[in-house]
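Take a look and give me a structure for this.
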Amino acid sequence: MIPHDEIRQICDRIIKSGELGRSRTYAAILEYLADHALAGTMPKEISIAIDVLGREANFDVGKDSIVRVHIYHLRNKLNTYFARQGHLEKYRIEIPKGQYMLAIIENTPVVSEVLAAPQELVVTGEPPVRRKNYTPWLAGFAIVMLLANLLTRLEQPKEEVNPFASSRLWQPLLDDTAPILILVGDYYIMGEKDGGGNVQRMVREFDINSSAELIASQTQGANNKYMNLELSYATTSTAKALAQVVKVFGSQSQRIKVKMMSELNTHDLVGNHIIYLGLLSGLRSLNDLMFAASGLALGTTYDDLINLDSDVVYNSSSGLSVGKASYHDYGMLSTFPSPGGTQFVLLAGMRDEGLINLAEEVTAPKKLAALEQAVVLDGKQSPAFEALYEVLGYDNTNFEARLVYNSKLDTKVLWETRLIDVP
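Residues are numbered from 1 along each chain as shown. Model prediction:
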C-alpha cells in the first residue's frame, strides 16, 4: 500500500517542476484525479468537464472532446516529467489509455527515444543520400529577397478587386488596418567541435532551440562539445509558402512584417495579426496554442498526428521514401481570433510537401471556398477552426491533395486554459 502522503508529494513535485506548463488546468486535473485515486473511485468524463473545466451540467461529451484532449496532453506531460526530472522517483504516476484515473506503480527509469537520442541535422559538403539538401543561408536569403521583390512588384497604381476579400479565412486580416506579422519557423544550429576545439560540422538537436538553451545546457555540464555560432536556418518550403500567402494581401502588403520564430517576443503577439509559416516542429511557443483546443494531437514525433476522437493516425512518409517511391505528407491549418480582436492563421506542414500544398490550398479562391463550405462557419463571428490536408506525391512531385479532417475550435478553451510561453 503506497502512503497517501507520498502520492500527494509526488503530485506536488510534478506541479512545481513546470512540466505541466503555466496554465493551472493540468495541475487541477492531476489533483482531481489524485483525490479520486486516494478515495478509490474513478471519475467520469462528464465529472471532469463540470468539476474541473467549469462546463455546464448539460455538457455533451459526445460532441465536445475537450476532456479527452486535456487527458491526452496530461498523460504526455506526466511521461515527460518522469523522463526528464522524475527518473529518480520511487513511484511513477500514469494515466492508462482510455481511462480517467491515475495508476501509481514502481518507477523504472525509462527515457523516451526523443529525449534519449536527439536527432541531428548534419550539413556537410557531401551529396545527400535521399533528397536535395539546401544550405541554411540560401534558404534564409531566399526568403528575404523574395519578400522584397514581391513587395516591390505588388505596388501597382491600379488594383483589381481582391479575390480573397470575401474569404472567411482572410477577411479578418484584410478588413482591418492592424499590422500583419508573418512568423517563419526556423531552427537553431550549432558547431560541433573536435578534440582540439575546432568546429568540424554544423548540427541540430531537437531539445536545443536557441543560444540561451545551449548556454543553459552547458552550464549544467552537458553539450560542451557544441559551439554557439548564432546561426539558424529555415526550410526551403517556407519561401514558397511565403510567396503564396503574400499575394493574398495585394496592395496591403506594406502592412506585412516578417520575423523568425527564434526572434519572437511576447509583445509581438499583441496588436498584430499573426501568420505562422513553417513545419510543425518549428512552432516552438505557438505549439501549445495550436493544440490547446484541437481535436488532433502530436504523436511520438512531429511526423505523426492523432485524431483524438477516432484514434486515426496521420503519418508522413515524406523524406523516408527512397529514389522515386511515392509518398504522402500532411499540412495543418488552425485559425482563431485573439482576445484583442486580431486573428491567428497558423499554417504548418509535417514536412516541406505538406506546407507547400497547404499554402496553395488556402490561397486558391475556389479551393478555399470549398474548405469554408466544409467547415460551415458562422457568418457573424471571426473564424475559429482547424483543418488537415493530405498531399500525395511521387518523385518530389505533388499530384493530389485532399481535405481529410476539419473541426471548429472552442476559443473559450483556447484562451482561458492556455498561456503562451515565449522564450
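
what about M260, neighbour count?
Each residue near M260 was counted by other Cβ atoms under 10 Å, and the total is 19. No exception for glycine: its C-beta is placed from N, CA and C like everyone else's.

And the closest residue to it other than its chain neighbours, how far from E230?
Closest residue in space to M260, ignoring its immediate chain neighbours: D186 at 4.5 Å, by Cβ to Cβ, 6 or more residues apart in numbering. Applying Cβ to Cβ, to the nearest Å, the value for D186 to E230 is 13 Å.

Could I get the full set of strands for the stretch 101-250 of the chain?
103-106, 180-184, 186-193, 199-203, 226-234 (DSSP state E, counting those that start in this stretch).

chain center to the shortest one: distance?
How far strand 103-106 lies from its chain's middle: 31 Å, per Cα atoms, centre = their mean, to the nearest Å.

and for that strand, what are the contacting residues?
I2, I7, A37, K90, Y91, R92, I93, E94, I95, P96 (Cβ atoms under 8 Å, 6 or more residues apart in numbering).

circling back: among the strands of the stretch 101-250 of the chain, which is nearest V313?
The minimum distance between V313 and the strands of the stretch 101-250 of the chain falls on strand 103-106, with 23.7 Å, by Cβ to Cβ.

What residues sit buried inside that closest one?
I104 (16 or more other Cβ atoms under 10 Å).

thinking again about what came up before, give me the more crowded residue out of D186 and E230.
D186 (25 against 8).

is it true that that one touches G278?
Yes. Counting by Cβ atoms under 8 Å, D186 touches G278, with 7.4 Å between them.

Touching both of the two, which residues are there?
In contact with both D186 and G278: A234, M261, using Cβ under 8 Å, 6+ apart.

which residues touch M190?
M202, V203, R204, E205, I208, L214, Y226, M227, N228, L229, L231.

In terms of distance to V391, which of these ranks first?
Each of the contacts of M190 was checked against V391 using Cβ to Cβ; the closest is R204, at 24.7 Å.

quick one, phi/psi of the closest one?
Backbone geometry at R204, expressed as degrees, to the nearest 10, gives phi -130, psi 140.

isn't it right next to E192, touching?
No. Look at R204 against E192 with Cβ under 8 Å: they stay out of range, at 10.3 Å.

tell me, what's touching the two both at once?
With Cβ under 8 Å, 6+ apart, R204 and E192 have no common neighbours.

Give me the neighbour count for N224.
9.

Check the model's average confidence along stretch 192-204 for me.
The pLDDT scores in stretch 192-204 average 85.

should've said stretch 357-375
Averaged across stretch 357-375, the pLDDT comes to 92.

next one: that stretch to chain centre, how far?
21 Å.

just stretch 194-214 next, same as before
24 Å.

on that earlier part again, if we take the contacts of strand 103-106, which one ends up nearest to R168?
Ranked by distance to R168 (Cβ to Cβ), the contacts of strand 103-106 are led by I95 at 37.2 Å.

List the contacts of the closest one.
L33, I71, L74, R75, L78, M101, L102, A103.

Could you export the residues you listed as a markdown table, including pLDDT?
Shown next, in a markdown table, are these (pLDDT from 0 to 100):
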| residue | pLDDT |
| --- | --- |
| L33 | 94 |
| I71 | 89 |
| L74 | 89 |
| R75 | 88 |
| L78 | 91 |
| M101 | 90 |
| L102 | 91 |
| A103 | 89 |
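
PyMOL command for the buried members of those residues?
Applied in PyMOL, the following selects the buried portion of the contacts of I95 according to 16+ other Cβ under 10 Å:
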select buried, resi 33+71+74+75+78+102
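
Same list, the contacts of I95, but as CSV with distance to K247 please.
Shown next, in CSV, are those (distance: Cβ to Cβ, whole Å):
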residue, distance to K247
L33, 49
I71, 42
L74, 42
R75, 42
L78, 45
M101, 52
L102, 51
A103, 53
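
Which of the contacts of I95 fall in helices?
L33, I71, L74, R75, L78 (DSSP state H).

hey, what's G349 bridged with?
L279, G331 (DSSP bridges).

Residue ranges of each domain in this protein, please.
4-110, 136-185+235-416, 186-234 (automatic domain parsing).

looking at these, which is buried most?
Sort the domains of the chain by mean neighbour count, taking mean count of other Cβ atoms under 10 Å, and domain 136-185+235-416 sits at the top with a mean of 18.

so how far is that one off the chain centroid?
With Cα atoms, centre = their mean, you get 11 Å for domain 136-185+235-416.

and the gap between the spatially closest residue to W170 that is not a sequence neighbour and I93?
Nearest residue to W170, sequence neighbours excluded (Cβ to Cβ, 6+ apart): F164, at 4.5 Å. For F164, the distance to I93 (Cβ to Cβ) stands at 49 Å.

Pick out whichever of the ones in helices among the contacts of I95 sits closest to S326.
R75 (34.0 Å).

nearest residue to that closest one other than its sequence neighbours?
Going by Cβ to Cβ, 6+ apart, R75 has I95 as its nearest residue, at 4.4 Å.

Show the pLDDT at the one you found.
pLDDT, read off for I95, is 92.

Also A39?
On the pLDDT scale, A39 gets 89.

Please report phi then psi for it.
Torsion angles, degrees, to the nearest 10, at A39: phi -90, psi -10.

what's near enough to touch it?
Counting by Cβ under 8 Å, 6+ apart, A39 has no contacts.

Look at L403 and give its secondary structure.
Three-state call for L403 (DSSP: H, G, I helix; E, B strand; the rest coil): strand.

Repeat that for the one 4 residues further on.
Classification of S407 by three-state DSSP places it in strand.

residue contacts, it?
By Cβ under 8 Å, 6+ apart, the neighbours of S407 are S294, G295, V375, F385, E386, A387.

For those residues, name the two members farthest from one another.
Pairwise distances across those peak at 14.2 Å for S294 and V375 (criterion: Cβ to Cβ).

List phi and psi for the closest residue to T411 other than its chain neighbours.
Nearest in space to T411, with sequence neighbours left out and distances taken as Cβ to Cβ, 6+ apart, is A384 at 5.1 Å. For A384, the backbone dihedrals (degrees, to the nearest 10) come out as phi -140, psi 100.
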